[in-house]
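Asks: Here is a sequence with its predicted model. Questions after.
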Amino acid sequence: MIAWKQCAFSYDDLLIMDDFSFSLSESGTTVFLGPSGCGKTTMLNLAAGLLKVHSGRVINSDENLSYLFQKPRLLPWKSVLENICFALPQGMSKGEKLSKCQSLIRMVGLEGFEDYQPSKLSGGMEQRTSIARAFVTERPLLLMDEPFKGLDLKLKMPLIDLLKELIQTRNTTAVLVTHDVREAILMGDRIVFLDGPPLEVIEDIEGLFPLDERNTASKKFYDMEKRLYSLIFK
Ligand SMILES: Nc1ncnc2c1ncn2[C@@H]1O[C@H](COP(=O)(O)OP(=O)(O)OP(=O)(O)O)[C@@H](O)[C@H]1O
């Protein structure tokens, strides 16, 4: 679906990619795990077409994608409902828009808050609104750039479960960028450990144990955590 082929990219003299190639899995969630500043966000922005490679190419057969950012990026003067509706195409009828938005509002647990403006919402509720906005358009590909950053564990865990459920039930191909090992194990079908700049794939772990067995207290989880920490502190 997305492939970076022999890509080169730099910000002035900071080389982020030098002959970098990688192909994304066709389904499930791929996690890019790596230290701050290695180039993960740049990699996503190139895939989304927000940046252009200097040489090589990025193949994105599904230009139709949603992007979930660190900050919810809601329009402050619009309500929860309006922020979600806003993502839908102008040509869609009002009734269809409303029914799609209401169904997503139910799924993300924001019933009763439809008319609230972002300033009246908690951080977790704002991120739930942006998750609803990302899924309402039913795009096949979802890019997530540290969507849980700044949220405490109590807010983060239900959001992880929510995203896993939406990704699974809607058959979305997803990419999660993070430097949090636990988030990576909780969500990833494939975990790619990156380093840089320039970006390089240090380890590409596929075939992890089933998502519904990702219990932080289990031995399998602990072993995977140890493996990933050993890459970080190598
Ligand atoms: N617009 C820009 N202009 C110049 N340098 C930039 C720009 N954007 C990012 N950088 C630099 O490029 C490097 C890679 O940044 P990038 O945001 O892609 O890394 P990251 O792995 O996503 O980091 P983090 O996990 O901290 O978000 C960093 O050193 C960053 O300071």
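Replies: Good, I have the coordinates.
Asks: Can you spell out the domain ranges of this structure, please?
Replies: Following automatic domain parsing, the chain resolves into domains at 1-28+53-61, 63-172.
Asks: in the helix or strand where A134 lies, what's buried?
Replies: Assigned by DSSP states H and E, A134 belongs to helix 123-136. Neighbour counts over helix 123-136 (16 or more other C-beta atoms under 10 Å) mark 124-136 as buried. Every C-beta, even on glycine, is put in place using the N, C-alpha and C of the backbone.
Asks: likewise stretch 96-111?
Replies: K97, K100, C101, L104, I105, M107, V108, L110.
Asks: And the longest helix anywhere in the chain, what does it pack against?
Replies: Criterion DSSP state H: the longest helix present in the chain is helix 153-169. Applying 3 or more C-beta pairs under 8 Å, 6 or more residues apart in numbering; DSSP states H and E, one finds that helix 153-169 contacts helix 123-136, helix 181-187.
Asks: quick one: which of those helices is nearest the ligand?
Replies: helix 181-187 (12.2 Å; C-beta to the nearest ligand atom).
Asks: is the helix or strand following the closest one anywhere near the ligand?
Replies: Next in sequence after helix 181-187, counting helices and strands by DSSP H and E, comes strand 190-195. No - on the criterion C-beta under 6 Å from any ligand atom, strand 190-195 is out of touch with the ligand, staying 7.6 Å away.
Asks: what comes into contact with strand 190-195?
Replies: 22, 25, 28-35, 38-40, 43, 184-185, 200-206, 208, 228, 231 (C-beta atoms under 8 Å, 6 or more residues apart in numbering).
Asks: Please identify the buried residues of the helix or strand that comes right after it?
Replies: Downstream of strand 190-195, the next assigned helix or strand under DSSP H and E is strand 200-205. Within strand 200-205, the residues that count as buried by 16+ other C-beta under 10 Å are E200, I205.
Asks: how far is strand 200-205 from where the chain is centred?
Replies: Offset of strand 200-205 from its chain centre (C-alpha atoms, centre = their mean, to the nearest Å): 19 Å.
Asks: quick one, what contacts the most centrally placed residue in the chain?
Replies: Central residue check for the chain by C-alpha atoms, centre = their mean: the C-alpha nearest the mean position is that of M144, 1.6 Å away. Going by C-beta under 8 Å, 6+ apart, M144 touches Y67, L68, L163, A174, V175, L176, V177.
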